[in-house]
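In: sequence and predicted model, in that order:
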Amino acid sequence: MPYVCHQQFKPLDLQQPLWRYMDFTKFVAMLVTKSLYLTRVDKLRELGDSFEGSFPNPPKKRALVSFLDKNDRERYYAEKIKAESRFYYVNCWHGNDSESDAMWKIYVKGNQGIAVRSTFQKLRDSLQKAPQTIWIGKVNYLDDFTWSIVPTDPTIHACMAKRKCFRHEEEIRLIWLDENKKRTGHTGQDGKEIQCFLPKLIDKVYLAPPNSPWFKRVVENVLRRYRINAEVVQSDIG
């Protein structure tokens, strides 16, 4: 079974609605490859958040590191980032009951973009034939990017942590560890395609505002070509 419930992640509601906003070319690529594309965590820093994959600040009175001065502590965490975050890959979703105007504006330019609507259960079930072990969990938004308690497995939690200013993303991440590359110490490719049964994953396809009748016909034709029976609807946002 590719999806495994990580013991340190909080359980997700099976019916939690999930949204993935993207431009049309990425949507077609997903259909052609029958997969979800996971980006190497350290590569996310180039996409807008320089803190991606960084270790949050430890608690101020952390006994384990109390013997280290500030410079030693920063050096220790920097080495951990370089050594381990490059072996983790993520695919990001927006967890919300309804579509988000902010997500449209951030991830889609113009009106030729789409949002795939799914649920946690559908995402989980669509990954059953993937050979990799996959975890799914909510991103933790930290005040001052500081942990209250350092987790037992700090690396994976660092890959699931962001600053509070990104709270509007309500992000839920699919995450995979490339254990083979971790064993050898060699950095892998920038991204990884994970096999996904898209007819199970895709509940509805929302079209970016403003209304565009011709684009709806194009998306419907593409879905039929790839035998995906999903309703195509126009965004409710004007």
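Out: Sure, I can see it.
In: Ile194: how many residues sit nearby?
Out: Using other CB atoms under 10 Å, Ile194 has 20 other residues around it. Every C-beta, even on glycine, is put in place using the N, C-alpha and C of the backbone.
In: also Asp144?
Out: 8.
In: nearest residue to it other than its sequence neighbours?
Out: Spatially, and ignoring its direct neighbours in sequence, Asp144 is nearest to Asn57 (6.9 Å; CB to CB, 6 or more residues apart in numbering).
In: surely that neighbour is in contact with Ser148?
Out: No - applying CB atoms under 8 Å, one finds Asn57 not in contact with Ser148, separated by 10.6 Å.
In: the two: who's more crowded?
Out: Comparing Asn57 with Ser148 by other CB under 10 Å, the one with more neighbours is Asn57, at 16 against 9.
In: so who does the nearest residue to Trp147 once chain neighbours are set aside touch?
Out: Of all residues not flanking Trp147 in the chain, Pro56 sits nearest, at 4.8 Å (CB to CB, 6+ apart). Pro56 makes contact with Leu142, Phe145, Thr146, Trp147, Ala158, Ala161, according to CB atoms under 8 Å, 6 or more residues apart in numbering.
In: list the ones among these that fall in helices.
Out: With helices taken from DSSP state H, the overlap with the contacts of Pro56 comprises Ala158.
In: of the contacts of Pro56, keep whichever come out buried.
Out: Buried by 16 or more other CB atoms under 10 Å: Leu142, Phe145, Trp147, Ala158, Ala161, out of the contacts of Pro56.
In: any idea which of the contacts of Pro56 is least confident?
Out: Checked by pLDDT, the contacts of Pro56 have Trp147 as the lowest-scoring entry (77).
In: just to revisit the earlier point, could you measure from the residue nearest to Trp147 over to Gln132?
Out: 26 Å (CB to CB, to the nearest Å).
In: please apply the same query to Leu44.
Out: Leu44 sits 19 Å away from Gln132, taking CB to CB as the criterion.
In: between the two, tell me which one has more neighbours.
Out: More neighbours surround Leu44 than the other of Leu44 and Gln132, with 19 against 16 (other CB under 10 Å).
In: hang on, the more buried one packs against Ser50?
Out: No - the pair Leu44 / Ser50 is not scored as a contact, 9.5 Å apart, by CB under 8 Å.
In: please name the nearest non-neighbouring residue to Tyr89.
Out: Of all residues not flanking Tyr89 in the chain, Leu38 sits nearest, at 3.7 Å (CB to CB, 6+ apart).
In: pLDDT score for that neighbour?
Out: So, for Leu38, pLDDT stands at 97.
In: who are the packing partners of whichever strand or helix holds it?
Out: Using DSSP states H and E, Leu38 maps to strand 35-40. With contacts taken as 3 or more CB pairs under 8 Å, 6 or more residues apart in numbering; DSSP states H and E, strand 35-40 sits against helix 24-33, strand 88-95, strand 171-177, strand 191-195.
In: most tightly surrounded among the ones you listed?
Out: Counting by mean count of other CB atoms under 10 Å, strand 88-95 has the highest mean neighbour count of those, with a mean of 22.
In: quick one: it to strand 171-177, angle?
Out: 160 degrees (axes from the mean of the first three to the mean of the last three CA atoms, to 10 degrees).
In: understood, closing this out.
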